[in-house]
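Asks: My questions concern the predicted model and sequence given below.
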Amino acid sequence: MLGYTHVRDCRLQCLRRRAVVAASASVIAVIASGVTQLGGMLPYAAASPLDLFGQGAKSAGRAGAGAVTSVDGEALGSNPSGVAAEPDIAVSIGEMFGAIELVAGGESRPAQAPRGTTLTAIMPIRLNGWANKRFILGAKAFLPRENLVTLSYPGGETPAFTLLEQRTQMTELSATLSYALSPRLRVGAGASAVLSLNGLIILRSNGFGGLDTLADQSVLVDAAPLVGVQWDITSQLRVGGAYRGALAATYYIDFISRTEPSFPLPLPALVLQGVGQYEPSHFEFGVQWSPVPALRFFADVTYAAWGAYPRPAESITPDTLPALPRPNFADTVVPRAGLDVILRVGDGGRAKAMAFALRGGYSFVSSPAPDAPASQAILDNDRHVVGAGVGFSATMGGNRWYIDAWVQAQELAERRHLQLGADFTSDGSIKAGGVTIGSSL
């Protein structure tokens, strides 16, 4: 892991002894109550918005289908081998926006709206002889608009949509290297990364009846491997497969008390630690079939290893409170299907050439969460995902320019919960859209 440290020393001057006692007791009581009343509640653990909607505008318009067989910037986060199919310098920028509505027991639950920017860059390596432009470097980043990463520790007994409430607030980075074994066979490898938080907070008495606080916080990078292969079996049929390791945005905040014996309130040592956001390792396989130049059919299936989902939170006083229960998630299989209808205008050469595309797709995302016992305040639902999109591209002066737009609707299937002594149902919807502009030079 790599990171940087930011240190801040805040001095609380000349607080009255009574105010210090009341404030300190309130802070500790709030944190302690969040754990002692926790039962089996989990924190807001989430995955990347690229995993939620799609690796780019094209695949998002097909409800996520087609990413593993793509040959542009979308391949950088799903199957890096794809960018070796078209060894040109390419860049793109995309914007995503939307709204999440979650309902539990007839009451709306807060959720951060999906909004962020996706950047991609592809650069062929120029070498002499047979290796020229056969090695391709790629980089991709998703940057949420609100925070680089959002990590929340649970508190209270309110049930939470653990996989959706903060899912769009997660920075994801990818760097890849691809190689064209032949004009029809390509391989690629790289790494994806998310941000984690590690920190230390020291509370110490200052001799004036008050407290000094010293905070030392680091933002770390957690990386996982990404490998893939693509094979154009014929000019009409392409298959692709990829594997990506698990990504975990963890947090570890250590509270240390260094107060004098005369300080009116003993402050216990506390530790906040867990996995705030999580993306499971998964295998993905896809097929792209073009029976005629104007039609492309896509079929993908993803196996996500949610069963390895770790305990998302630990007790803040591990020596005195029992460990929180594991979520016991199950592995899932996600099928996706999509369609492109393409109209081409022009000669298709280096002169003026244009193409218009209409896209659509459907996927079914099953929930990894089991029917939770009454001690767990965890909410999650199966989702029906429908996507639609349009695209326009033009080749002018030897450069290809394109713009793609997409919309997506996800409906949460109603689910009954028997948790924390309550009997209620949950459902909701997610609506999102975006635009991507790019060029191949």
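Replies: Arrived safely, thanks for sending.

Asks: Every contact and neighbour count from this point should use C-alpha atoms.
Replies: OK.

Asks: what about A388, distance to A337?
Replies: Separation of A388 from A337 (Cα to Cα, to the nearest Å): 12 Å.

Asks: Give me the more crowded residue out of these two.
Replies: Legend: neighbour count by other Cα atoms under 10 Å for A388 and A337, higher for A388 (25 against 22).

Asks: Which helix or which strand is home to that one?
Replies: Per DSSP states H and E: A388 is located in strand 383-396.

Asks: Mind listing what's buried along that strand?
Replies: 383-395 (16 or more other Cα atoms under 10 Å).

Asks: likewise stretch 298-311?
Replies: Across stretch 298-311, burial judged by 16+ other Cα under 10 Å covers F298, A299, D300, V301, T302, Y303, A304, A305, W306, G307, Y309, R311.

Asks: Quick check: which ranges of the stretch 151-300 of the chain have low pLDDT?
Replies: Counting by pLDDT under 70, the stretch 151-300 of the chain contains low-confidence ranges at 151-158, 165-169, 207-209, 261-267.

Asks: make it 80
Replies: Within the stretch 151-300 of the chain, the stretches with pLDDT under 80 are 151-160, 162-170, 197, 203-213, 215, 217, 257-270, 272-274, 276-277.

Asks: what ranges do the helices span in the chain?
Replies: Taking DSSP state H, the helices of the chain run over residues 17-36, 49-53, 57-61.

Asks: Out of these, which gets the lowest mean score?
Replies: The stretch with the lowest mean pLDDT among these is helix 17-36, at a mean of 37.

Asks: Residues in a beta bridge with the closest residue to Q217 other than its chain neighbours, which ones?
Replies: The shortest distance from Q217 to any non-neighbouring residue, by Cα to Cα, 6 or more residues apart in numbering, is to G199 (4.0 Å). G199 has these beta-bridge partners by DSSP bridges: Q217, I253.

Asks: from what I can see G199 touches I256, true?
Replies: No - contact criterion Cα atoms under 8 Å: G199 and I256 do not qualify, at 11.1 Å.

Asks: separation between N128 and A85?
Replies: 19 Å.

Asks: Give me the more crowded residue out of these two.
Replies: A85 (24 against 8).

Asks: coming back round to it: can you tell me which of the buried residues of stretch 298-311 has the lowest confidence score?
Replies: R311 (74).

Asks: OK, contacts around that residue?
Replies: With contact taken as Cα atoms under 8 Å, 6 or more residues apart in numbering, R311 is in contact with G274, V275, L324, P325, R326, P327.

Asks: go on, P87?
Replies: Contact partners of P87, counting by Cα under 8 Å, 6+ apart, are M123, P124, K133, R134, I136.

Asks: Any idea which of those the model trusts least?
Replies: Lowest pLDDT among the contacts of P87: K133, 76.

Asks: Tell me how many other residues crowd that residue.
Replies: 19.

Asks: Please name the residues that touch it.
Replies: K133 makes contacts with P87, P124, I125, R126, L127, as judged by Cα under 8 Å, 6+ apart.

Asks: So among these, which ones count as buried?
Replies: P87, P124, I125.

Asks: how much space between the nearest residue to the second one once chain neighbours are set aside and L127?
Replies: I take that to be P124. Sequence neighbours aside, I136 is the residue nearest to P124 in space, at 4.3 Å (criterion: Cα to Cα, 6+ apart). Separation of I136 from L127 (Cα to Cα) stands at 11 Å.

Asks: now M354
Replies: Going from M354 to L127 by Cα to Cα gives 32 Å.

Asks: same question, T176
Replies: Taking Cα to Cα, one finds T176 at 18 Å from L127.

Asks: so P225 bridges to which residues?
Replies: With DSSP bridges as the rule, P225 is bridged to A191.

Asks: Just to check, it is in contact with A242?
Replies: No - counting by Cα under 8 Å, P225 does not reach A242; the two are 10.5 Å apart.

Asks: List the residues that contact V341.
Replies: Per Cα under 8 Å, 6+ apart, neighbours of V341: A294, L295, R296, A357, L358, R359.
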